[in-house]
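**Student:** I would like to see how this sequence folds:
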Amino acid sequence: MTIVCHQGPVLAGSATLATLGSLILYSGTPGRYGKHSQSASSGVSLLPARIAWFLQELPSFVVSVGMLAWQPRSLFEQPGNVLLGLFSAHYFHRQDICPGSAMEKSNPSSQNVISKEYLLSPFDCHSTQKERESSGLAEILWWQSCRLLLFLLHFEGHGRHFYLWTTFIYSLLTRGRPYPVILFLRAIAFCMGNGFLQAHYLIYCAEYPKEWYTDVRFSLGVFLFVLGMGINIHSDYLLRQLRKPGEIVYKIPQGGLFTYVSGANFLGEIIEWLGYALATWSLPALAFAFFSLCFLGMQAFYHHRFYLKTFEDYPKSRKALIPFIF
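**Tutor:** So this is what the prediction gives:
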């Protein structure tokens, strides 16, 4: 099969991502879902949050993995294929970081098969709020990275069936407000287009030297990606624990990086994509990282403002996105 790189669509797609990010900054408004969604009485068509979040992010995984499976070269022959695996892993790994605990709640007789590795972290599923809040920022960042690596090693050692079962339940665990249909359709189009852009560039356009795996950009980028994913997953877990089944009320997040910022989950995902951009050293990845920074940064800013307005006892020292700074 001939390897053909279409530079025109790659440049156009990258420019589109950068433009969308700039428009978000210019508009100065958050995405109208969750805390910032319109009421049902406004006449906006809505979808259940669990269905919307599952389906809208699925194209990014399906498109990237599909193109990776059908690409003509050996899977590990090119660094671009491995880097695309990082992109796919983000959407493949949108799950509960405590799958054993999730299973125990629904089936008390189930076994937590990752308890040995998981309890090596001071932020295990069974740690108390006081223990999580007493840890410093450096310790939090360090353990989030180590914890995710242990989880991935567990996956390799215990087979893929259990992991596959837990992978796509992240969205099904969501307890958010109904999601606007128009945003759902936009998200599907975005995820499909961005998945194709990242996959096409890394498979057909990117050219890396054989020593790229030892390049500092690759090593540091992968480290940041894994670190960001750990922060993102752990923060999402903490948010889910705030609500009981059936609840839609908002509460003050506690523990982890929420000790320092209101948008800990957003910060983790931003770090992920900055690491991805560094590891790939590509224009499409940089454009996506810029878009993510604009979109998620705006969400974090308005989340922070929402908390300050809603809760009189909200920690005044907590920042929106960057600890101690912003």
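**Student:** could you pull out the strands in the protein for me?
**Tutor:** Under the criterion DSSP state E, strands of the chain are mapped to 46-47, 179-180.
**Student:** turn these into JSON lines, columns for mean neighbour count.
**Tutor:** The C-beta positions use only the backbone N, C-alpha and C, and glycine is treated the same way. Output for the strands of the chain, formatted as JSON lines (neighbours: other Cβ atoms under 10 Å):
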{"stretch": "strand 46-47", "mean neighbour count": "18"}
{"stretch": "strand 179-180", "mean neighbour count": "23"}
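**Student:** export those strands to a markdown table and tack on mean pLDDT and distance to Ile325?
**Tutor:** Below are the strands of the chain laid out as a markdown table (pLDDT from 0 to 100; distance: least, Cβ to Cβ, whole Å):
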| stretch | mean pLDDT | distance to Ile325 |
| --- | --- | --- |
| strand 46-47 | 81 | 36 |
| strand 179-180 | 82 | 31 |
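**Student:** Asn265 is nearest to which of these?
**Tutor:** strand 179-180 (16.9 Å; Cβ to Cβ).
**Student:** the closest one packs against which elements?
**Tutor:** strand 46-47, helix 49-70 (3 or more Cβ pairs under 8 Å, 6 or more residues apart in numbering; DSSP states H and E).
**Student:** of those, which shows the lowest average pLDDT?
**Tutor:** Among the helices and strands packed on strand 179-180, strand 46-47 has the lowest mean pLDDT, at a mean of 81.
**Student:** and of the helices and strands packed on strand 179-180, who's closest to Lys244?
**Tutor:** Closest among those, once you apply Cβ to Cβ, is helix 49-70, at 15.6 Å.
**Student:** list the buried residues of the closest one.
**Tutor:** 49-50, 52-61, 63-65, 67-68 (16 or more other Cβ atoms under 10 Å).
**Student:** of the strands of the chain, which is nearest Leu23?
**Tutor:** Comparing the strands of the chain by Cβ to Cβ, strand 179-180 comes nearest, at 18.4 Å.
**Student:** how about low-confidence regions in the stretch 51-200 of the chain?
**Tutor:** Residues of the stretch 51-200 of the chain that meet the criterion pLDDT under 70 lie in 93-176.
**Student:** at 80 what do you get?
**Tutor:** Applying pLDDT under 80 to the stretch 51-200 of the chain flags residues 53, 72-77, 92-178.
**Student:** what number of residues lie near the nearest residue to Phe76 once chain neighbours are set aside?
**Tutor:** Excluding its sequence neighbours, the residue lying closest to Phe76 (Cβ to Cβ, 6 or more residues apart in numbering) is Val82, at 6.5 Å. Using other Cβ atoms under 10 Å, the number of residues around Val82 comes to 19.
**Student:** hmm, back to that, minimum distance to Leu11: which of the strands of the chain has it?
**Tutor:** Taking these one by one with Cβ to Cβ, strand 179-180 is closest: 31.4 Å.
**Student:** quick check on Leu321: phi, psi?
**Tutor:** Torsion angles at Leu321 (phi, psi; degrees, to the nearest 10) stand at phi -140, psi -40.
**Student:** sweet, I'm off.
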